[in-house]
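> curious how this folds, go ahead:
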Amino acid sequence: MKKMHWLGLLVLSILLYGTIQLLRDDPLHPDTQAWLKQAEKPIMLENNVHIHLMGLSVQGLNYERGLAHYTQEAVYREWSRIKHSYPTVPELKPFTETLPSCDPHLDEACVARLLLKRPQIAAKLSEFTLLLDGLYQLSNLDNFTNIDARIATTDFEQLDQLYQLAFLDILYLIEDRQLEVAAQKLASLFQLQRTLMAGTNQLELQILPVIYAEAFFQPLLLKLAQADYSNWSVFENALAPLKPEELLMNTLWQHMFLDSASMLLPLSKHPNTNRLLYKPQMTLNRMAAFYQLKIIVDDTPHSELVAAIHEADHRIQTHNQKLRQSQEPHWLFLLRNYRNITGELLFQIMVPRFLNIQIPVLELDLRLQLLRAVIERPQDSLPNPHNYPNPYTGELPWLEDGMLCHKLNETICARIPTTNPH
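Sure, this is the predicted structure:
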């Protein structure tokens, strides 16, 4: 009888504990709280480059137009999940669709075709003079504070079309021997891309410099060198080694968490939400812990960055493998997550499959180093590889077929100009 009494007490204790666990939510983890506080920081909108870019049109920059768009979209966000994308210049697409489809970096005949079609292209390009002037002026602004990317994000296609126009503008200036003007525009444009990249909360802005350093910046820079341009101090900032806030994507991971949190938090206040099945703070902790797997310490030495990136990738792969294994069988999934079934399902639906561009960003840094090498070389000589070791591996670049090359995941090369740049 006494044994049955103790057994009854044990069963009652287990049921009581299970009920308490089922009803209560977990406290927010300190790291989760710290990230949520990021969303409370005021955004400096005055003379903000993103607001200017939002107001860009064929008439040029229009800050008031951009601010009106942003303010309106901030109101819409209260009831709509649709984000505003910027810039919005509908005239760009019809023009860029008429251009030769080629890559100036990969296809040597591409530039020749663009020059051959210059009479037709230039006539139409002149209609975008104010637009391009506005684009070049953006690099002179000093407020590059991130705006709320839950409200508005950059339109990759529109930016691509803008840069196609700028490429043609600068190419034709070089052809006309207006080398100083071309250099100033090219340097300001790439510096703009780099400044937007630094600490960005938008994946598009992290990717763009990686793409355009090779497809846009390098061909035009080397064309300037072939034209015997010599005032390379113009490119001092544009060609400088990447800073930690450009190399790492920690701000982006924080934003992705905040974007997810902005969708999860309203559920806790919805009258139809089942409090037994959904624990908002447990779900936020789960989501924050996932994104923190990607964080790399800001002051990681260059020589340790590749290993740190691979380690972060391994953490994500291990996490995703465990996540897949936890989904079967269904009854075991329900048992494991009995306290927060809805929250766990939401987490698994929302968890992203990452596009890993961390190594390509390091390769961008190597490309800039190679470009510095080929324009800084002493007169009538080849670059000295010993002056340009790979900061991530310690290996020296090599000379091959008139190019100076480095290797990380991919081989990155810069052609040595046939005309001496000095």
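
> ok, and for stretch 217-235, which residues are buried?
217-225, 227, 229, 232, 234-235 (16 or more other C-beta atoms under 10 Å). (Glycine included, C-beta is placed from N, CA and C.)

> again with stretch 110-124
110, 111, 114, 121.

> tell me which of these is nearest to residue 65?
residue 121 (28.0 Å; C-beta to C-beta).

> quick one on the thing from earlier: including pLDDT and distance to residue 363, could the buried residues of stretch 217-235 go into CSV?
Below are the buried residues of stretch 217-235 laid out as CSV (pLDDT from 0 to 100; distance: C-beta to C-beta, whole Å):
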residue, pLDDT, distance to residue 363
217, 94, 14
218, 94, 12
219, 92, 17
220, 94, 19
221, 95, 17
222, 92, 18
223, 92, 22
224, 94, 23
225, 92, 21
227, 92, 27
229, 93, 26
232, 94, 22
234, 95, 24
235, 96, 19
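
> and residue 199, that's in a helix?
No: using DSSP: H, G, I helix; E, B strand; the rest coil, the assignment for residue 199 is coil, not a helix.

> who touches it in this structure?
146, 245, 251 (C-beta atoms under 8 Å, 6 or more residues apart in numbering).

> now the buried residues of stretch 110-124 in TSV, with pLDDT, secondary structure and distance to residue 383?
Listed next are the buried residues of stretch 110-124 as TSV, based on pLDDT from 0 to 100; DSSP: H, G, I helix; E, B strand; the rest coil; distance: C-beta to C-beta, whole Å:
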residue	pLDDT	secondary structure	distance to residue 383
110	83	helix	26
111	84	helix	24
114	88	helix	29
121	91	helix	35
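
> ok, so of the residues you listed, who is nearest residue 179?
Within the buried residues of stretch 110-124, distances to residue 179 taken as C-beta to C-beta reach their minimum at residue 111, with 16.0 Å.

> residues in contact with the closest one?
Counting by C-beta under 8 Å, 6+ apart, residue 111 has contacts 104, 171, 219, 223.

> ok, residue 293 next?
Contacts for residue 293 (C-beta under 8 Å, 6+ apart) come out as 312, 315, 316, 319.

> what subset of the residues you listed is buried?
Neighbour-count burial (16+ other C-beta under 10 Å) applied to those gives 312, 316.

> with distance to residue 52, secondary structure and pLDDT added, can I get the contacts of residue 293 in TSV?
TSV is the format used below for these (distance: C-beta to C-beta, whole Å; DSSP: H, G, I helix; E, B strand; the rest coil; pLDDT from 0 to 100):
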residue	distance to residue 52	secondary structure	pLDDT
312	34	helix	93
315	38	helix	92
316	36	helix	89
319	39	helix	86
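
> out of the contacts of residue 293, who's nearest residue 369?
residue 312 (23.7 Å).

> surely the closest one touches residue 294?
Yes: proximity of residue 312 to residue 294 meets the contact threshold set by C-beta atoms under 8 Å, at 5.3 Å.

> who's residue 85 bridged to?
Counting by DSSP bridges, residue 85 forms beta bridges with residue 153.

> from the contacts of residue 111, which land in strands?
Among those, no member falls in strands (DSSP state E).

> which stretches of the stretch 1-150 of the chain have low pLDDT?
Across the stretch 1-150 of the chain, the ranges flagged by pLDDT under 70 are 1-23, 77-82, 105-107.

> how about 80 then?
1-25, 39, 75-83, 101-108 (pLDDT under 80).

> which residue ranges of it form helices?
2-23, 30-38, 49-54, 63-76, 92-96, 108-116, 118-125, 129-137 (DSSP state H, counting those that start in this stretch).

> burial count for residue 291?
23 (other C-beta atoms under 10 Å).

> and for residue 189?
Residue 189 has 26 neighbouring residues, counting by other C-beta under 10 Å.

> just to check, it is in contact with residue 135?
Yes: Residue 189 is within contact range of residue 135, at 7.1 Å (criterion: C-beta under 8 Å).

> tell me, what's touching these two both at once?
Going by C-beta under 8 Å, 6+ apart, residues that sit against residue 189 and also against residue 135 are residue 166.

> now for residue 262: which residues touch it?
Going by C-beta under 8 Å, 6+ apart, residue 262 touches 39, 150.

> next one: it from residue 140, what distance?
Separation of residue 262 from residue 140 (C-beta to C-beta, to the nearest Å) stands at 33 Å.

> for the buried residues of stretch 217-235, give me TSV that also has distance to residue 76.
Shown next, in TSV, are the buried residues of stretch 217-235 (distance: C-beta to C-beta, whole Å):
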residue	distance to residue 76
217	36
218	40
219	41
220	39
221	42
222	45
223	45
224	45
225	48
227	49
229	48
232	47
234	42
235	41
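
> nearest to residue 266 among the residues you listed?
residue 217 (42.7 Å).

> ok, for that closest one, nearest residue in space, not its chain neighbours?
Ranked by C-beta to C-beta, 6 or more residues apart in numbering and with sequence neighbours excluded, the top spatial neighbour of residue 217 is residue 190, at 4.9 Å.
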